Structures are given as structure tokens and as C-alpha cells.
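# 3D model of this:
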Amino acid sequence: MSILETISKPAGRPAIITLLGDAGLGKTSTAATFPKSIFIRAEDGLQSVPTDRMPDAFPIIETVDNLWDQLKSLIREEHDYKTVVIDSVTALERLFIQHIVDTDDKKPKSINQALGGYGAGLGAVATLHQRVRKACGYLNEKKGMNIVFIAHADTETMDLPDQEPYTRYTMRLGKKSQAPYTDDSDVVGFLKLKMFTKGDDGKKKAISNGDRVIDCTASAANVSKNRYGIKELLPLEEGVNPFTGIIKSLN
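The predicted structure follows:
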């Protein structure tokens, strides 16, 4: 059989989405609008979701083994869930760091000293994040599930060779841990308040009426992107999935 005979048009698949933002902007409640969702919780963020829209959820994980057990159950057992939500990868980072420190025979005082130091501990944390992404990739491709990763926001200074240094929003994760949730996602959406400026030059104030939007476009101000041709800010409405009508697997 010729290798050319294996050529075909790739089939569509459900979405892999990362939702990023500061506390209180609705990351968890937005994730709960995805179809038939099941939450894997490293923190308890579902208290913000109204009872009539409350999704199913596993018990809050307390150990890394709890996480693997929950992922394995979704992979190996029959179920009708259409979306798995990881809430949040930022909380997973803390869990992974503690796991690496606690399982190091030399009993290091911090992740920087773990596994002999020189970044080995943080590298091991990043490997655990990659394992999560691999398991979710299987659920996406083999089980037909949408994947939603929730991440808390932080700021970082970008020092590029052809630009003056500037600050942007990014994920509150170690640099090595971010790639599975940015490079390998179909959408990285940054949730933010819709802001306006008011006042005279020199005395302008940033104000908001509380409306929220999600930025999925390439931006210097925040980590965001999409593979669906989204070019505008998407409004966030209570109980409404912002990607309905854009991503086929959500229709």
C-alpha cells in the first residue's frame, strides 16, 4: 500500500479551550455553560454557579492520585458527558509542586531544591501538566469530549529584542507549565471587564459598568488566540455559552 493512499481530510473534533482571567470574572460559570459537563476540581469554584445550572462534579481532589483516578474513569468507563472541565490548572500547579516536594527522598524545603535543583523540580511539575493534557487529548479525540481548562491570571514583563519592555496578562503557572494549555489549545480566551475611560487629559479614569467580554484574538496585552476565525471580543452573558454558533461541537 502506498503511503499516498493514507492521505485524507482530517475529521473535525470537539474543542479544546483554555479560559483565563482574574478572580470573580466568571471563568467557572462560563465553563458550566458547555454541554453536559463534568468538573474535575482542584479547587471549589462551583459555588458561583446557580443551582439550576449546577453541573456534575467529582469530589475535590486532594492528591495527584485522585486526579489520575478521575481522568482514568472518564477514559475507561462508559458515560454520556460531552465536556470535561479542569478547575483549575493553577490549583493543579500547587498540588503538583507539593507532590514533587513531598515525594523527594532528600526532603527539599522548596520546589527549587527538589530533585537536585537546577530547575529539575519545575521540570517535573511541567511533565505532570503534560500528562494531564495528554489524558484530555485522548478524551477529546477518542471519546468525543470538549475540553475546558480554567486558569487564573497573572502578569509578566515581556522583554523582546525588537520592542521596549511591556507588561501583559498571562497564566499563573510556571513558564514550563504553560505550553500544554496555550500551544495545544484551539482557543485561549482572556476574560475581562469592558472598560471605558472618563475625564480630561491627565485625569482620565478607567471605569466599567460590569459588562464582561472574552478576548480570543492575538493581543500584546494578554495571552489569547483561536483557531476559529474569531476576530472580535465576545460578550459574556449569564448562562450563555459565548462560543455557541462559532464552534460546531457546542451546537
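# L25: neighbour count?
Applying other CB atoms under 10 Å, we find 20 residues neighbouring L25. C-betas here are computed from N, CA, C, even on glycine.
# how about the nearest residue to it once chain neighbours are set aside, what does it touch?
The shortest distance from L25 to any non-neighbouring residue, by CB to CB, 6 or more residues apart in numbering, is to L191 (4.4 Å). L191 is in contact with 19-22, 25-27, 30, 212-215, 236, counting by CB atoms under 8 Å, 6 or more residues apart in numbering.
# at 7 Å instead, please
L191 makes contact with L19, L20, G21, L25, G26, K27, R212, I214, L236, according to CB atoms under 7 Å, 6 or more residues apart in numbering.
# hang on, the first one packs against A32?
No. Counting by CB atoms under 7 Å, A32 is not a contact partner of L19; they are 11.0 Å apart.
# can I get the contacts of L191 in JSON lines with distance to L92?
Formatted as JSON lines, the entries for those read as follows, by distance: CB to CB, whole Å:
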{"residue": "L19", "distance to L92": "14"}
{"residue": "L20", "distance to L92": "14"}
{"residue": "G21", "distance to L92": "17"}
{"residue": "L25", "distance to L92": "20"}
{"residue": "G26", "distance to L92": "20"}
{"residue": "K27", "distance to L92": "14"}
{"residue": "R212", "distance to L92": "25"}
{"residue": "I214", "distance to L92": "22"}
{"residue": "L236", "distance to L92": "24"}
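# what strand or helix carries F190?
Secondary structure here is read from DSSP states H and E; on that basis F190 sits in strand 187-198.
# and if you look at P242?
No secondary structure element spans P242, as it lies outside all helices and strands (assigned by DSSP H and E).
# now it: how far from L19?
Distance check for P242 against L19: by CB to CB, to the nearest Å, it reads 10 Å.
# which residues are in contact with both of those two?
Common neighbours of P242 and L19, counting by CB under 7 Å, 6+ apart, are T30.
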